[in-house]
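Visitor: Predicted model, plus sequence, below.
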Amino acid sequence: MPLLTATDDFVLGLPVAAVLAQRFRLPTVDPAEFPEMIRIQIEKVLPFSAEEVTTDFELISQSESESVVSAVAIRNEQLAEMAAPLLEEGYIPRQVTVYAAQRASTYAPQGNAVLIYPEGETLVYAVTENGKLSLARALESTNGEQLQLELPQLRLSAELQGINASFPNVLLDETCYQLRLTVQGLLAGAAEIVGIELPPAPVKLNLLPESWRHRRSQLIRQAEWRKRLVWAGGAYAGLLFLLLAYLGFMRFSIGRLDRRIAHDAPETEFVRATEENWKALAPAIDSRYYPVEILLHLFESLPSSNVRITAYNQSARQISVDGEANTAAIAYQFFEDVKKNPELRVFQFDMAAPRILPNDHAQFRLEGRPR
């Protein structure tokens, strides 16, 4: 129990004394009909209803006309009582089987064999065929005297069930080493000493009740969701940590930039003031802003004598040119030529729609602002 967790995948092996093992000879039919046939046969030998027990079976041998089956049953109430320490902790096995069947599948997967080994205070005598449990009895004492008394009757019971009583394989547990001479004398054969296998061989028998199976599925799903939630929580915590680290880094960077700005503020202010001074002095010291130069370039941009400049005004922030053209199209052409003049690109020019005079001439105004 201390080594288990609720999500462990483990198998519960039951002692022989807790189950009913029965060998049946049945006609060979559709495998889908076997469970129902075996249930009917077990109901005949059990004093309980079918709802009170869990059963399963393994196929020992099969021919065209006959099938030999090993069937095992356990009462659900008894199973729940035995597994109470597990169930109280929420531990549900993946499979409930018979330990004798596990040992048979491990040591005698083929042919007939007899297994003798202890289970608690009892001594188990199990007959197997092709690794399947055919006959099993639990003797109340582990001494050789009771084995000598019971063994002839057990061999007779095996023969009555059609089991070959001449056992080529006699397997004796290493903890029962003192019984080897007794066993060899009774069975007229050498006994092979075997130990506890880790892990035991898998078997088909599964006496897990349907309610346990359903509960185990629920626990597995809950464990999966808990695992997903833990991963999601870890991912969320990781993202939150990265976000906080990023915010901390950004605050540190902003603080460093603020300190550099404050440190460079006097020099920056000097540069800004110098730039403003140069901008203020530009009309006086930059020839591109001289009125004579601007007028020269404006006159160079006149498309023809059909356009005349009638007024020119200039301030520190803008210039305005009033004029008159014979047609509005010529006025627009003058506007385009002014914009294309490379010497006037220090200004950004705009012109509203010309006003048509009574003589069909177009009166216009260009306004230019330093870029």
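Guide: Arrived safely.
Visitor: switch to C-alpha atoms for all contacts and neighbour counts from now on
Guide: OK.
Visitor: average model confidence for stretch 23-40?
Guide: The average pLDDT for stretch 23-40 rounds to 78.
Visitor: Using neighbour counts, pick out the buried residues of it.
Guide: Residues of stretch 23-40 classed as buried: 23-24, 26, 34, 38-39 (neighbour count, 16 or more other Cα atoms under 10 Å).
Visitor: which one among these gets closest to residue 104?
Guide: residue 23 (15.2 Å; Cα to Cα).
Visitor: Kindly confirm my reading that that closest one is in a strand.
Guide: Yes - counting by DSSP: H, G, I helix; E, B strand; the rest coil, one finds residue 23 located in a strand.
Visitor: Go ahead and confirm it touches residue 67.
Guide: No - contact criterion Cα atoms under 8 Å: residue 23 and residue 67 do not qualify, at 10.5 Å.
Visitor: which intervals of the stretch 201-350 of the chain have sub-threshold pLDDT?
Guide: Judged by pLDDT under 70, the stretch 201-350 of the chain has its weakly predicted residues at 283.
Visitor: quick one, strands of it?
Guide: 307-314, 319-325, 347-351 (DSSP state E, counting those that start in this stretch).
Visitor: Counting neighbours, what do you get for residue 336?
Guide: 14 (other Cα atoms under 10 Å).
Visitor: For it, give me its contacts.
Guide: Residues near residue 336 by Cα atoms under 8 Å, 6 or more residues apart in numbering: none.
Visitor: what does residue 116 give?
Guide: Taking Cα under 8 Å, 6+ apart as the test, what residue 116 contacts is 123-126, 171-173.
Visitor: same check, this time on residue 362
Guide: 324-328, 331, 354-356.
Visitor: try 7 Å
Guide: 324-328, 354-356 (Cα atoms under 7 Å, 6 or more residues apart in numbering).
Visitor: likewise residue 293?
Guide: residue 287.
Visitor: roughly how far apart are it and residue 344?
Guide: From residue 293 across to residue 344, the span is 9 Å (Cα to Cα, to the nearest Å).
Visitor: do residue 333 as well
Guide: Taking Cα to Cα, one finds residue 333 at 16 Å from residue 344.
Visitor: Between these two, tell me which one has more neighbours.
Guide: More crowded of residue 333 and residue 344, by other Cα under 10 Å: residue 344, with 20 against 15.
Visitor: quick one on the thing from earlier: going by distance to residue 282, which of the buried residues of stretch 23-40 wins?
Guide: residue 34 (108.3 Å).
Visitor: what sits up against whichever strand or helix holds that closest one?
Guide: Assigned by DSSP states H and E, residue 34 falls within helix 34-45. Contact with helix 34-45 is made by 49-50, as judged by Cα under 7 Å, 6+ apart.
Visitor: Alpha carbons of it, in CSV - could you do that?
Guide: Written as CSV, here are the backbone C-alpha positions of helix 34-45 (Å, rounded to 0.1, in the frame of the first residue of the first chain):
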residue,chain,number,x,y,z
PHE,A,34,-19.1,-18.5,-24.8
PRO,A,35,-19.6,-15.9,-22.0
GLU,A,36,-23.3,-16.6,-21.8
MET,A,37,-22.8,-20.4,-21.8
ILE,A,38,-20.2,-20.2,-19.1
ARG,A,39,-22.4,-17.9,-17.0
ILE,A,40,-25.2,-20.5,-17.2
GLN,A,41,-22.9,-23.3,-16.1
ILE,A,42,-21.5,-21.3,-13.2
GLU,A,43,-25.0,-20.3,-12.0
LYS,A,44,-25.7,-24.1,-11.7
VAL,A,45,-22.9,-24.6,-9.1
